[in-house]
Structures are given as C-alpha cells and as structure tokens.
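In: what would the 3D arrangement of this be:
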Amino acid sequence: HTHTHHYTFLIEERRDAASRSFALLFVKQSRFCGFCGRELLHLTDRGDVQGTIVTVLQQLLLLFATSTVMEGLADFAGDETTTSSHVRWIRNKVTQLLAEVRPRAVGLVDAFNFSDHFLGSCLGRFDGHVYEALWQAVQHNPLNGNWSARL
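Out: Reported below is the predicted structural model:
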C-alpha cells in the first residue's frame, strides 16, 4: 500500500515537471513570436521592409505561431477552456497559411541560398538533373536494398 502511494507520487511529480517544462517552452515560443512581431512592426514603421515582403513575413510569423499552438494542443485537451471548435479553427488556420505561403516556398528557401547538399535534397538542383539525382538517391538509400542487382 505504501509503495502504491510512492509510485503515484512519482508519476504525478514527473507529470507536473513535464507540464512545467511544456509551459516554459510555450512561454518562450510565445515571447519569440511577440519579439518577431514587434521587430516586423519596427521594420515596417521605419520603411526598411515594404510591400509583398511584409505580407510574406506576416504569413510566416502567423504560421509559426499557429503551428506552435497546434503542436501543443494535446496538452490542452483536458483543459475546459479549449473546445473542439478552437482546435478546428487552429487546424484550419494552419492549412490556410500553408496554402498562402506555398507559392512562395521555393523562393523563400532559395533566398537563404542553402545548397542542395545542406538541404539533403535532390529536387532543387541548379543543374536541372532532378530525375537522375532522385534515381541515384534511391539506389544509394540502404532502406531500398540492392536495386541494381534486381534490374
């Protein structure tokens, strides 16, 4: 009987620690979103960023914020303040923002000038040999076994 109380205490203690750690992470992410939002406002107020770039940055900031909330929805499942309509709204908002950002995704990634090697990608090749690169990647992936022996 004493052991049961002890194990229950340990389980509750770990759950509380996990909740505190999630809450801290959520607070940090919220502060980061707030910081990004303030910086975006400062940039637009000073005229450093204008036009379409402002729209794209706003979309990315909203996408980051809403997807962060969506990732943590399970932690709010038992909370009486979070309803199924809230969950649907967040999921719909993330889907909407993804659709808005998608046409600019290649340009956004290209703006950082990451190499295909760094991205681990065969697709965004500068030389245009996408299909050849995909075939080589498939052949060299150990999960696919020895394809050349089968052909």
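In: residues in contact with Val130?
Out: By Cβ atoms under 8 Å, 6 or more residues apart in numbering, the residues touching Val130 are Cys122, Leu123. For the C-beta atoms, the positions are set from N, CA and C on the backbone; glycine is no exception.
In: and the helix or strand hosting His117, how far out from the chain middle?
Out: Take DSSP states H and E as the rule and His117 turns out to sit in helix 116-119. Its chain's average C-alpha position is 19 Å from that of helix 116-119, according to Cα atoms, centre = their mean, to the nearest Å.
In: how far off centre is the helix or strand following that helix?
Out: Counting by DSSP H and E, the next helix or strand C-terminal to helix 116-119 is helix 130-140. Distance of helix 130-140 from the chain centroid (Cα atoms, centre = their mean) equals 27 Å.
In: give me the buried positions along helix 130-140.
Out: Ala133 (16 or more other Cβ atoms under 10 Å).
In: average pLDDT for that helix, rounded please.
Out: On average, the pLDDT along helix 130-140 is 83.
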